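[1] 3D, please:
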Amino acid sequence: MFAISLGDDGAELRPLEPWQAEEFLAHMDRGREYVGTHIGLADVVHDLDSARAFLRGYADKTANDAGRLYGIWADGTLVGGVMFRTMDVAAGNAEVGCWLEPAAAGRGLVTRACRIIIDWAVDQRGIHRLEWFVSSKNEASIAVARRLGMTRDGVLREHYLYRGTRTDTEIWSVLAPDWRAARDA
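    Residues are numbered from 1 along each chain as shown. Below is the predicted model:
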């Protein structure tokens, strides 16, 4: 297994795999309310079987080159993750996603982790368009999209039914040429 340093603060990016289901569930339990404010992951992962099933689903996506999942560890504790929720290499499109427990918020971990996986997607896999779907109410996630140099493409009004309420979904994106130019500047 590999680990990529996210900086001088001891945080690391690593694959998050089915054998880590217990650790993943403990992480979800610590951050369930915070994570669940805007995304359904906290509702999907509620016991060991569902944690294992979620991780297996991403293992299958990885095997089929249709997505990827990475955990963020700080001081040896799983505190969040980043992913390619979808990835269509032939079309050159991928959707980036993230989550974080509250104890790790505000440290730039998600932004640093996303830069690593976006670099990989653009440079190694030839992904041309990277998308970020986010609730219009999720200011922290929108701030990450901005820090990544993404452009707000538009809003899908009342697009996402979440816990009984329809919410607007913003779509942000960055194209590979723009990503490379900003990175190399």
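
[2] which residues of the protein fall in helices?
    With DSSP state H as the criterion, the chain has helices at 21-35, 41-44, 48-63, 109-123, 139-147, 176-184.

[3] quick one, which of those helices is nearest to Asp9?
    helix 109-123 (8.4 Å; CB to CB). Every C-beta, even on glycine, is put in place using the N, C-alpha and C of the backbone.

[4] coming back round to it: looking at the helices of the chain, which is nearest to Arg14?
    Among the helices of the chain, helix 109-123 sits nearest to Arg14 (CB to CB), with 10.2 Å.

[5] buried residues, the closest one. List them.
    109-115, 117-118, 121-122 (16 or more other CB atoms under 10 Å).

[6] by how many degrees do it and helix 176-184 diverge?
    Interaxial angle, helix 109-123 versus helix 176-184 (axes from the mean of the first three to the mean of the last three CA atoms, to 10 degrees): 120 degrees.

[7] tell me the helices and strands packed up against helix 109-123.
    strand 12-15, strand 68-74, strand 77-88, strand 93-100, strand 129-135, helix 139-147, helix 176-184 (3 or more CB pairs under 8 Å, 6 or more residues apart in numbering; DSSP states H and E).

[8] mind listing what's buried along the longest one?
    Pointing back at strand 77-88 there. Neighbour-count burial for strand 77-88, counted by 16+ other CB under 10 Å, picks out 78-85, 87.

[9] contact partners of it?
    13, 16, 20, 23-24, 26-27, 31, 58, 61, 65-73, 93-101, 103-104, 109-110, 113-114, 117, 121, 125, 127 (CB atoms under 8 Å, 6 or more residues apart in numbering).

[10] list the residues that contact the closest residue to Leu16 other than its chain neighbours.
    Leaving aside its sequence neighbours, Leu16 sits nearest to Gly71 (CB to CB, 6 or more residues apart in numbering; 3.7 Å). Gly71 makes contact with 13-16, 20, 24, 78, 80-81 under the criterion CB under 8 Å, 6+ apart.

[11] over to Arg129?
    92-94, 173-176.

[12] same question for Asp119.
    Counted by CB under 8 Å, 6+ apart, Asp119 has contacts Arg183.

[13] so how far is Arg30 from it?
    Distance of Asp119 to Arg30, computed by CB to CB, to the nearest Å: 29 Å.

[14] with Ala91 instead?
    Look at Ala91 and Arg30: by CB to CB, they are 37 Å apart.

[15] closest to Arg157 among the buried residues of strand 77-88?
    Arg85 (21.2 Å).

[16] what about the closest one, distance to Ser141?
    13 Å.

[17] count of neighbours near Arg107?
    18 (other CB atoms under 10 Å).

[18] ok so, going back, Serialize the contacts of Arg129 to CSV and add fields for pLDDT and neighbour count.
    Listed next are these as CSV, based on pLDDT from 0 to 100; neighbours: other CB atoms under 10 Å:
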residue, pLDDT, neighbour count
Gly92, 98, 17
Asn93, 98, 16
Ala94, 98, 25
Ser173, 98, 19
Val174, 98, 20
Leu175, 98, 16
Ala176, 98, 17
